[in-house]
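Enquirer: With the input below, show me the fold.
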Amino acid sequence: MHHKIKITGILGTAVAIAAMFGILAGCATLAEKPKPAMVPTERGTVVFLEKYEFKRPPAGWALMQSVEGGDWELGFLKMEKGDFPSQTTFMYDDLPYGGQRDLETRAQYYCSRFLFNSGIEARVTQSEKTKIIGLDAVAISMEGENPNRKEKAKSKVYLVKKGNRVISFVCTQWRPLNGTYSQEPFDHFEAFVQSFKFLKKNFYENFEEELTKAGL
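Expert: Next up is the predicted model:
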């Protein structure tokens with residue numbers, strides 16, 4: 001009698017466990033799959049995390065997505081043919097070096113810090129005022145070398161005034177000292193920048209709006 005009750009209890013438990021796993025499996029099946037970081041549009045662009053829209057570079061460019069607290073928001077990387085370090089990166093950064101709101105002052109400070117940690121002594125080859133996506137901007141071209149590591153870099157930077165803040169778009173191409181720079185990656189960077197659209201207000205913009213409403 002007791003033996004039969006014991007077996008029945010075990011079977012009941014087993015059935016309950018099986019049913020539970022069945023429910024969990026069903027929930028896992030029904031759960032929505034995570035959305036991809038980039039969603040193509042019918043306009044030949046992509047939407048990134050529902051925050052930005054832009055023309056992405058062609059196949060062969062890897063997406064670089066910064067984690068929270070990183071040095072930049074998003075970007076792309078391509079490892080190119082040739083000796084190390086033959087590669088190009090470009091990115092959108094909503095927190096470029098400095099805190100100055102004046103574009104020219106910010107540009108001077110930015111250039112003093114750019115590539116500092118790499119050992120590259122970057123020099124400005126061109127700097128001019130321009131418009132990017134309808135906003136005031138400074139376009140800066142830089143080049144530099146690190147003889148100790150036998151490498152060099154060429155960069156194009158846009159510092160852009162967006163509201164009360166300064167944002168940036170940066171493209172840097174790395175080559176060995178005897179390597180040759182390529183224009184094609186910079187063309188993909190320009191397409192990325194010129195097509196860039198902001199789909200949502202960021203934290204800082206929302207915060208400034210709340211301060212304005214509060215009369216602060």
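Enquirer: Contacts only, for the residue positioned nearest the centre of the chain.
Expert: By Cα atoms, centre = their mean, the mean C-alpha position of the chain lies nearest to residue 74, the distance being 0.4 Å. Residues near residue 74 by Cβ atoms under 8 Å, 6 or more residues apart in numbering: 48, 52, 63, 64, 65, 66, 91, 92. Using the backbone N, CA and C atoms, a C-beta is placed for each residue, glycine as well.
Enquirer: and residue 215, what helix or strand is that in?
Expert: Using DSSP states H and E, residue 215 falls within no helix or strand.
Enquirer: picking that back up, bridge partners for the residue nearest to the centre of the chain, pull those for me.
Expert: residue 65, residue 92 (DSSP bridges).
Enquirer: do you know how far it is from residue 93?
Expert: Applying Cβ to Cβ, to the nearest Å, the value for residue 74 to residue 93 is 9 Å.
Enquirer: so what pLDDT did the nearest residue to residue 50 once chain neighbours are set aside get?
Expert: Nearest residue to residue 50 in three dimensions, chain neighbours excluded: residue 199, at 6.4 Å (Cβ to Cβ, 6 or more residues apart in numbering). For residue 199, the model assigns a pLDDT of 94.
Enquirer: swap in the one 4 residues further on?
Expert: Note for residue 203: predicted pLDDT of 68.
Enquirer: One more: residue 96?
Expert: 94.
Enquirer: Kindly report the same for residue 121.
Expert: On pLDDT, residue 121 comes in at 87.
Enquirer: which of the contacts of residue 74 lies closest to residue 155?
Expert: Residue 155 has its nearest neighbour among those in residue 91, at 11.3 Å by Cβ to Cβ.
Enquirer: and the gap between the closest one and residue 171?
Expert: 8 Å.
Enquirer: what do you get for residue 149?
Expert: 21 Å.
Enquirer: can you check residue 103 too?
Expert: From residue 103 to residue 171 the distance is 19 Å (Cβ to Cβ).
Enquirer: on that earlier part again, who's more crowded, residue 149 and residue 171?
Expert: Remark: of residue 149 and residue 171, residue 171 carries more neighbours, 22 against 14, as counted by other Cβ atoms under 10 Å.
Enquirer: what's that one sitting at in phi/psi?
Expert: phi -130, psi 130 (degrees, to the nearest 10).
Enquirer: How about the contacts made by it?
Expert: Applying Cβ under 8 Å, 6+ apart, the residues near residue 171 are 88, 89, 90, 155, 156, 157, 185, 186, 189.
Enquirer: So, low pLDDT: which residues of this protein?
Expert: 1-31, 66-71, 203-213, 216 (pLDDT under 70).
Enquirer: run the last query once more with 80
Expert: Along the chain, segments meeting pLDDT under 80 span 1-35, 65-72, 201-216.
Enquirer: Tell me where it has strands.
Expert: 38-40, 46-48, 52-54, 62-65, 74-79, 87-93, 123-132, 135-146, 151-162, 165-176, 197-198 (DSSP state E).
Enquirer: Save the ones you listed as CSV, and put in distance to residue 108 too.
Expert: Output for those, formatted as CSV (distance: least, Cβ to Cβ, whole Å):
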stretch, distance to residue 108
strand 38-40, 35
strand 46-48, 31
strand 52-54, 28
strand 62-65, 27
strand 74-79, 24
strand 87-93, 17
strand 123-132, 9
strand 135-146, 10
strand 151-162, 10
strand 165-176, 12
strand 197-198, 26
